[in-house]
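>>> fold the following.
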Amino acid sequence: MASGPMSADEKYSLITRNLQEVLGEDKLRQIVEERDLKVYWGTATTGRPHVAYFVPMSKIADFLKAGCEVTILFADLHAYLDNMKAPWQLLELRVKYYESIIKSMLTSIGVPLDKLKFVKGTDYQLSREYTLDLYKLSSVVTEHDAKKAGAEVVKQVDHPLLSGLLYPGLQALDEEYLKVDCQFGGVDQRKIFTFSEKYLPNIGYTKRIHLMNPMVPGLTGGKMSASEEDSKIDILDDTATLKKKLKKAFCEPGNITDNGILSFCKYVIIPLLPDTGFTVPRGEQFGGPLTYTSYNDLEDAFKTEVIHPGDLKAAVLTHLDKLLHPIRQHFQDPELKSLVNKAYPKPQKPQKPSKGGEQKSVVSDEVTPGRLDMRVGRVVAVEMHPEADTLYVETIETGESAPRTVVSGLVKHITQEQLLQRMVVLLCNIKPAKMRGVTSEAMVLCASQKDGECKSVELLDVAEGSAPGDRVYIDGFQTATPDDRLNPKRKIFEKLQEDFVVTGDGEAQWKGHGFMTRSGPVTAKTLRNTTIS
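Numbers count the residues shown, from 1 in each chain. Modelled structure (predicted):
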């Protein structure tokens with residue numbers, strides 16, 4: 001491309017390069033001819049970013065070269081609204097991680113950060129004006145259109161939460177509040193984009209342009225997803241892990257369809273390479289190395305099997321490792337290492353069994369309540385068990401990277417409506433067990449009282465201000481380290497549970513020591529002088 005100022009046609013060509021679709025081409029051409037384009041790209045701060053994020057990063061590089069004003073939105077509120085993929089108490093940590101990793105990615109591909117504007121969603125989405133506009137939008141949007149708009153983006157469940165229906169509306173309003181001409185995203189956002197084009201004019205705002213990238217196939221052939229470990233390469237994966245994942249990746253000889261390796265070459269590696277081109281190493285006995293400056297030439301060579309999958313993978317490994325190396329180095333900083341661990345806490349793993357088959361324990365054999373891993377949870381979904389009329393299957397947020405599935409026999413005592421969004425006390429370090437075909441990963445603790453044939457059961461109440469993931473401890477044992485996994489043969493919980501009671505004052509206790517969270521005591525609403533199970 002010429003070194004002088006770009007023409008409008010050159011800018012348009014660069015802005016639309018490698019895009020799958022543009023909605024509003026005529027308006028885009030008009031703006032580019034008159035002034036610099038204002039564009040934003042948003043990302044919900046949920047799972048850890050993977051290498052497919054280099055696809056929008058490379059397009060952001062194109063936008064900047066074309067003179068665009070670019071805003072990057074860290075959509076923390078969206079992350080919470082999407083079935084709480086990011087628990088509220090982790091939002092700030094994940095925003096910090098996303099900002100650090102994305103800035104590091106942009107730096108690794110030579111994008112100057114001073115030309116970008118970074119915005120956090122909750123910095124303006126909780127304002128009075130934005131909230132009133134969201135209400136105004138909700139008064140004209142149908143449930144059908146809201147659900148349809150989020151179908152490819154918001155996690156789909158049998159009983160969708162209202163939060164998921166709000167998600168598309170927020171994304172539409174962001175276009176107005178960020179004062180941009182267009183929004184850029186993956187083609188999986190198309191339904192939200194058309195939703196925005198339909199409804200923003202209904203509340204007096206201008207319809208925006210929409211630019212869409214294709215979705216890059218994952219290593220297994222489908223969409224690369226942060227929630228599917230085998231489909232993705234994490235930004236911080238080391239060289240050995242890269243090599244292992246690429247070796248296992250789907251890359252059938254001659255197959256150019258759903259080939260994540262080839263797609264990564266097309267949308268990331270080749271657009272970012274200097275004029276030297278993309279070199280595929282080959283042994284001299286096979287004709288020696290080959291170099292490509294055009295993706296079409298590379299694709300043709302692979303399609304005709306001039307290039308072997310192993311050689312292509314080796315070339316991608318070399319180039320990808322160069323991209324990731326400075327990012328990995330940056331994240332050797334102790335503060336950033338700590339940030340990663342806090343933003344994405346690892347789920348507890350069971351200890352390996354000994355040769356005799358029993359679980360090894362690094363804690364004392366003394367039976368104390370400090371060995372119990374009890375936490376506050378929030379029930380985010382409740383369904384009837386498909387094989388049992390007396391059981392619920394609950395999805396419960398616990399402050400971990402993913403919610404837990406819990407099966408409870410509460411159907412006769414508590415309605416689904418009473419459970420949904422309810423804070424509960426969970427015992428989290430019991431051994432997962434299948435209950436009529438569904439694996440239960442924790443136990444909901446309740447106050448229960450039996451009077452003849454009648455049994456009363458009610459959920460324990462945690463103190464106001466408690467949050468999912470907060471530890472529930474017995475007063476006096478808060479410094480103890482819980483077992484990673486209770487050995488069912490030793491019946492630790494069963495022995496302790498014998499002395500779990502609700503007092504006459506409604507407080508949950510063990511031998512006179514209260515159940516506590518950081519916000520205060522655990523209580524029962526109405527039951528008194530009864531047991532906890």
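
>>> Ile327 belongs to a helix, doesn't it?
Yes - counting by DSSP: H, G, I helix; E, B strand; the rest coil, Ile327 falls inside a helix.

>>> what's around Tyr98, how many residues?
Counted with other CB atoms under 10 Å, residues neighbouring Tyr98 total 25. Any C-beta I mention is one placed from the backbone N, CA and C, and that applies to glycine too.

>>> the one 5 residues further on now?
Other residues near Lys103 come to 17 when the count uses other CB under 10 Å.

>>> for it, give me its contacts.
Leu113, Phe118 (CB atoms under 8 Å, 6 or more residues apart in numbering).

>>> which phi and psi does it have?
Phi and psi for Lys103, reported as degrees, to the nearest 10, are phi -60, psi -40.

>>> element containing Lys322?
Lys322 belongs to helix 309-330 when assigned by DSSP states H and E.

>>> and what of Ala508?
Element membership for Ala508, per DSSP H and E: strand 508-510.

>>> what comes up buried for that strand?
Ala508, Gln509, Trp510 (16 or more other CB atoms under 10 Å).

>>> can you add distance to Gly287 and pLDDT and give those back as TSV?
Shown next, in TSV, are these (distance: CB to CB, whole Å; pLDDT from 0 to 100):
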residue	distance to Gly287	pLDDT
Ala508	75	95
Gln509	78	94
Trp510	75	93
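
>>> keeping just the C-alphas, turn stretch 95-115 into CSV.
Output in CSV follows, covering the C-alpha atoms of stretch 95-115 (Å, rounded to 0.1, in the frame of the first residue of the first chain):
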residue,chain,number,x,y,z
VAL,A,95,-12.1,-6.8,33.9
LYS,A,96,-8.5,-6.2,35.1
TYR,A,97,-7.4,-9.5,33.6
TYR,A,98,-9.1,-8.8,30.2
GLU,A,99,-7.6,-5.4,30.1
SER,A,100,-4.1,-6.7,30.9
ILE,A,101,-4.3,-9.6,28.4
ILE,A,102,-5.9,-7.7,25.6
LYS,A,103,-3.4,-4.8,25.9
SER,A,104,-0.6,-7.3,25.9
MET,A,105,-2.0,-9.0,22.8
LEU,A,106,-2.3,-5.7,20.9
THR,A,107,1.3,-4.8,21.9
SER,A,108,2.5,-8.2,20.6
ILE,A,109,1.1,-7.5,17.1
GLY,A,110,2.4,-3.9,17.1
VAL,A,111,-0.8,-2.0,17.8
PRO,A,112,-0.1,1.4,19.5
LEU,A,113,-2.3,1.6,22.6
ASP,A,114,-2.3,5.4,22.7
LYS,A,115,-4.7,5.3,19.7
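
>>> please spell out which residues along that stretch are buried.
95-98, 100-106, 108-109, 111.

>>> which one of those residues is nearest Gly67?
Val111 (14.0 Å; CB to CB).

>>> other SSEs contacting the helix holding Lys322?
Using 3 or more CB pairs under 8 Å, 6 or more residues apart in numbering; DSSP states H and E, the elements in contact with helix 309-330 are helix 91-108, helix 239-248, helix 260-264, strand 278-280.

>>> out of the ones you listed, the one nearest Met423 is which?
Per CB to CB, nearest to Met423 of these: helix 91-108, 18.0 Å.

>>> mind checking the longest strand of this protein?
Determined from DSSP state E, the single longest strand within the chain is strand 374-384.

>>> neighbours of Gln171, how many?
Per other CB under 10 Å, the neighbour tally for Gln171 reads 25.

>>> so for the helix or strand it falls within, mean pLDDT?
In this assignment (DSSP H and E), Gln171 forms part of helix 162-177. Averaged over helix 162-177, pLDDT sits at 92.

>>> quick one: buried residues of that helix?
For helix 162-177, by 16+ other CB under 10 Å, it's 163-177.

>>> got the contact list for Arg328?
Neighbours of Arg328 in contact, by CB under 8 Å, 6+ apart: Leu236, Asp238.

>>> one more time with 6 Å
Leu236 (CB atoms under 6 Å, 6 or more residues apart in numbering).

>>> quick one, which of the helices and strands packed on helix 309-330 is nearest to Gly288?
Closest to Gly288 of the helices and strands packed on helix 309-330, according to CB to CB: strand 278-280, at 10.1 Å.

>>> partner strands of the closest one, with direction?
strand 290-292 (antiparallel) (DSSP bridges).

>>> any idea how far the strand it pairs with is from the chain center?
With CA atoms, centre = their mean, to the nearest Å as the basis, strand 290-292 stands 37 Å off its chain's centre.

>>> stretch 484-491 too?
That offset, for stretch 484-491, works out to 32 Å (CA atoms, centre = their mean).

>>> in that stretch, what counts as buried?
With burial defined by 16+ other CB under 10 Å, the residues of stretch 484-491 counted as buried are Asp484, Arg485, Leu486, Arg490.

>>> what does stretch 439-452 give?
Those would be Ser440, Glu441, Ala442, Met443, Val444, Leu445, Cys446, Ala447, Ser448, Gln449, for stretch 439-452 by 16+ other CB under 10 Å.

>>> a markdown table please, covering those and showing secondary structure and pLDDT.
Putting the buried residues of stretch 439-452 into a markdown table (DSSP: H, G, I helix; E, B strand; the rest coil; pLDDT from 0 to 100) gives the following:
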| residue | secondary structure | pLDDT |
| --- | --- | --- |
| Ser440 | strand | 94 |
| Glu441 | coil | 95 |
| Ala442 | coil | 96 |
| Met443 | strand | 95 |
| Val444 | strand | 96 |
| Leu445 | coil | 96 |
| Cys446 | strand | 95 |
| Ala447 | strand | 94 |
| Ser448 | strand | 91 |
| Gln449 | strand | 88 |
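
>>> which two of these have the greatest separation?
Glu441 and Gln449 (27.1 Å).

>>> right, and the helix or strand after the helix holding Lys322?
Assigned by DSSP H and E, the successor of helix 309-330 is helix 334-343.
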